[in-house]
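1. from the sequence below, what's the structure:
(chains A, B, C and D)
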2 protein chains.
Amino acid sequence: MTTAARSDAKPYHHGALRASLLARAAEVVAEQGLEALTLRGLARDLGVSHGAPNRHFRTREDLLAALAEEAATQACEATLSAMAEVGDDPWVRLNAMGRGYLKWALENRPLFRVFTHPDVSRFADESLVARMQELDSLVAETVRETQATGRHPHVHPELLNLYTTAVPWGIAMIVDHPGYEASRLNMDIDEAVAQLIELVVPIAGR
Amino acid sequence: MTTAARSDAKPYHHGALRASLLARAAEVVAEQGLEALTLRGLARDLGVSHGAPNRHFRTREDLLAALAEEAATQACEATLSAMAEVGDDPWVRLNAMGRGYLKWALENRPLFRVFTHPDVSRFADESLVARMQELDSLVAETVRETQATGRHPHVHPELLNLYTTAVPWGIAMIVDHPGYEASRLNMDIDEAVAQLIELVVPIAGR
DNA sequence: CTCAAATGTAGGCGTTGTCTACATGTTGCG
DNA sequence: CGCAACATGTAGACAACGCCTACATTTGAG
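-> Numbering: from 1, shown residues only, chains lettered A, B, ... in the order given. Now for the predicted structure:
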């Protein structure tokens, strides 16, 4: 189908090739899986030569790392901004973080799928890993505070932390997995997210 | 014990190439990721020619499907046999299924990683999908029974089911993810699994 | 024993990632 | 303005890969 710019003469330079590569890459991963993502395929889709992507991503792994970076940035931002909107009660804060993270994951499935993909996060660079660990530490600290105020006091702290973080992660993964019928979740997304997180960090009486 | 079972001279036939391919493939996926899995690489590792794997798996996807099949079979078996060891109380049954599944996942991480891998389960054939859906139905039915006897009665049934299944899945995914320090979980695995599942389906007083 | 089926080998074709040399726009600076 | 450095895209090469076909060797049923 040769999607090249049919109208006028195609300019020598694409203009925004790096951003276009990232956008198209997220689409391809979401639609056909990570294995279907090829630099040459992206180049074809965007109407440039097969070597052009090399100017922006020296290797395929560099492209994946950039995708993961973008996704992780958004996920952190969603989690932290949700936290910033509530007060100091650790239960309420933890609940808000869970809702913010899960809602972002459900509303940005292509990007979520990218950065949870085991073969993408493997290529994450240092700055990304550091940022994710910062978020993990914040969550772990908040989990500790909830436990100190009576949440499952008899459970090993690391296990409680694992359980708490596993729920948004697992839910998003399952809903995102091929084979899950999205029709099962044709309810209001905010209500669904609230009900789900309430199971993990109940804040009904607060 | 065939004529040239083992000796200095390499026999013309490998003898158990199909099983060896699957075993080595699970190792490679676990150690280097799915992208590092190549048919030619497996052939080299096993000392056969690059075309030999083609006799057993016509395409690379066929190999992945066989891997997923093996993993799903084991996961189902672990879940169902755990369920068979307890009585009829749906809470106890659901708890046992969760423990059986999670324990299997934690003790068979390479295989678990294979069949939860988004680009592997994509290649699952019909029989595998059918078997997995059978297990899902059984879990969903048990979740419904627990809810009918007082477990989170005000939550949307599909959401409760999602939450319940997400926990073992998410925990195993997180522990399995690159970057998680396994040292955090240097406790008895049965005790850890029991504490985790108890958070989801408490059976303390039963 | 005979011979067909099963299994492994060898080579070829097209695609991919990535390197290098070259071409073409863009920009900073006198 | 002119022009040199730079950024970006093109084109060709190479090795590795999946997968196909032709051929070689072993196994096993009759």
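2. indicate the residue of chain A located nearest to chain B.
-> In chain A, the residue found nearest to chain B is residue A:170; the distance is 2.4 Å by CB to the nearest CB. The C-beta positions use only the backbone N, C-alpha and C, and glycine is treated the same way.
3. grab the nearest non-local neighbour of that residue.
-> Leaving aside its sequence neighbours, residue A:170 sits nearest to residue B:170 (CB to CB, 6 or more residues apart in numbering or on different chains; 2.4 Å).
4. number of nearby residues for the one you found?
-> 23 (other CB atoms under 10 Å in any protein chain shown).
5. go on, residue A:190?
-> Neighbours of residue A:190 under the rule other CB under 10 Å: 10.
6. and if you look at residue A:129?
-> Residue A:129: 15 neighbours (other CB under 10 Å).
7. next SSE after the worst-scoring helix or strand of chain A on mean pLDDT?
-> Lowest by mean pLDDT, DSSP states H and E among the helices and strands of chain A is helix A:118-121, with a mean of 79. Downstream of helix A:118-121, the first helix or strand assigned by DSSP states H and E is helix A:126-148.
8. let me see the mean pLDDT of that following helix.
-> For helix A:126-148, mean pLDDT rounds to 93.
9. quick one: residues in contact with the least confident helix or strand of chain A.
-> For helix A:118-121, contacts defined as CB atoms under 8 Å, 6 or more residues apart in numbering or on different chains pick out A:34, A:64-65, A:67-68, A:114-115, B:33-35, B:113, B:117, B:119, B:176-179.
10. next one: stretch A:129-145
-> So stretch A:129-145 is contacted by A:72-73, A:76, A:79-80, A:90, A:93-94, A:97, A:124, A:157, A:160-161, A:164-165, B:179 (CB under 8 Å, 6+ apart).
11. neighbour-wise, which one of those residues leads?
-> Highest count within those by other CB under 10 Å belongs to residue A:97, 28 neighbours.
12. assign that one to helix, strand or coil.
-> helix (DSSP: H, G, I helix; E, B strand; the rest coil).
13. please enumerate the helices of chain A.
-> Ranges of helices in chain A, per DSSP state H, are A:17-32, A:39-46, A:60-84, A:90-107, A:109-116, A:118-121, A:126-148, A:157-176, A:189-200.
14. contact partners for residue A:195?
-> Residue A:195 neighbours (CB under 8 Å, 6+ apart): B:155-156, B:159.
15. and of those, the nearest to DNA strand C?
-> DNA strand C lies nearest to residue B:159 out of the contacts of residue A:195, by CB to the nearest atom of the strand, at 39.3 Å.
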